[in-house]
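Visitor: pasting a predicted model and its sequence here:
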Amino acid sequence: AQRVTQPEKLLSVFKGAPVELKCNYSYSGSPELFWYVQYSRQRLQLLLRHISRESIKGFTADLNKGETSFHLKKPFAQEEDSAMYYCALSGGSNYKLTFGKGTLLTVNP
Amino acid sequence: DGGITQSPKYLFRKEGQNVTLSCEQNLNHDAMYWYRQDPGQGLRLIYYSQIVNDFQKGDIAEGYSVSREKKESFPLTVTSAQKNPTAFYLCASSIRDARTGYTFGSGTRLTVV
């Protein structure tokens, strides 16, 4: 069975402060992890995936297999980063993504 | 202009009635998915389909049915057997499998009255 846990429902930071959205997963094999983002009145969209090792909009995420975590980080938060963020996992030979419950990030001016 | 179209945006249904939500994509994606999004619950998988004429149950398939007669279309029927159907429904597609990333539709909000 695979599970994704996002321990924070809500996260509030000030503009310019660092932000870290936590994601822990449970999966016995080699997982592939993703972050999806949903801005207000927009569709859910892919932000980044661990396999690409990329930085998107200043966000990075590192897969830590020892701690089974895939936390999303940004050194200096911007107001436009305010959104709902979902961590997701793809494991095994099946084709589905398992999502966490999401974290609502609010960046205050 | 490629993408996924879900219709209608809002849907009202009386208790005891079946209702079908439409999902169409012109991205030439092989795989399609239906998720249900509830506040505080995240996204939960209802059904998914990897290829035409084939689909699998997700985590919360009870009370729902799907078909995949064409590559472009993956309609979801919410039956009267679904005990708590009021929710926001999201359709998604991917090129092959989930590892390539999903493209999401804009969703359908279903309200049972």
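Guide: Nice, thanks for sending it over. All of these numbers come straight from a predicted model, not from anything done at the bench. Residues are numbered from 1 along each chain as shown, chains lettered A, B, ... in the order given.

Visitor: could you count how many residues lie near the nearest residue to A:Tyr39 once chain neighbours are set aside?
Guide: Leaving aside its sequence neighbours, A:Tyr39 sits nearest to A:Ala83 (CB to CB, 6 or more residues apart in numbering or on different chains; 4.6 Å). C-beta coordinates here come from the backbone N, C-alpha and C atoms, glycine included. Number of residues near A:Ala83 (other CB atoms under 10 Å in any protein chain shown) recorded here: 21.

Visitor: quick one: contacts for A:Ala83?
Guide: A:Ala83 is in contact with A:37-40, A:104-105, counting by CB atoms under 8 Å, 6 or more residues apart in numbering or on different chains.

Visitor: could you pick out the buried ones from those?
Guide: Taking 16 or more other CB atoms under 10 Å in any protein chain shown as the criterion, what is buried in the contacts of A:Ala83 is A:37-38, A:105.

Visitor: surely A:Ile51 forms part of a helix?
Guide: Yes - counting by DSSP: H, G, I helix; E, B strand; the rest coil, A:Ile51 is part of a helix.

Visitor: for A:Ser90, see how far away it is.
Guide: 10 Å (CB to CB, to the nearest Å).

Visitor: one more: A:His50?
Guide: Distance from A:His50 to A:Ser90, by CB to CB: 10 Å.

Visitor: list residues touching both of these two?
Guide: Residues touching both A:His50 and A:Ser90 (CB under 8 Å, 6+ apart): A:32-34.

Visitor: list the contacts for A:Lys101?
Guide: A:Lys101 makes contact with A:6, A:9, B:40-42, according to CB under 8 Å, 6+ apart.

Visitor: rerun that using 6 Å as the cut-off
Guide: Taking CB atoms under 6 Å, 6 or more residues apart in numbering or on different chains as the criterion, A:Lys101 is in contact with A:6, B:42.
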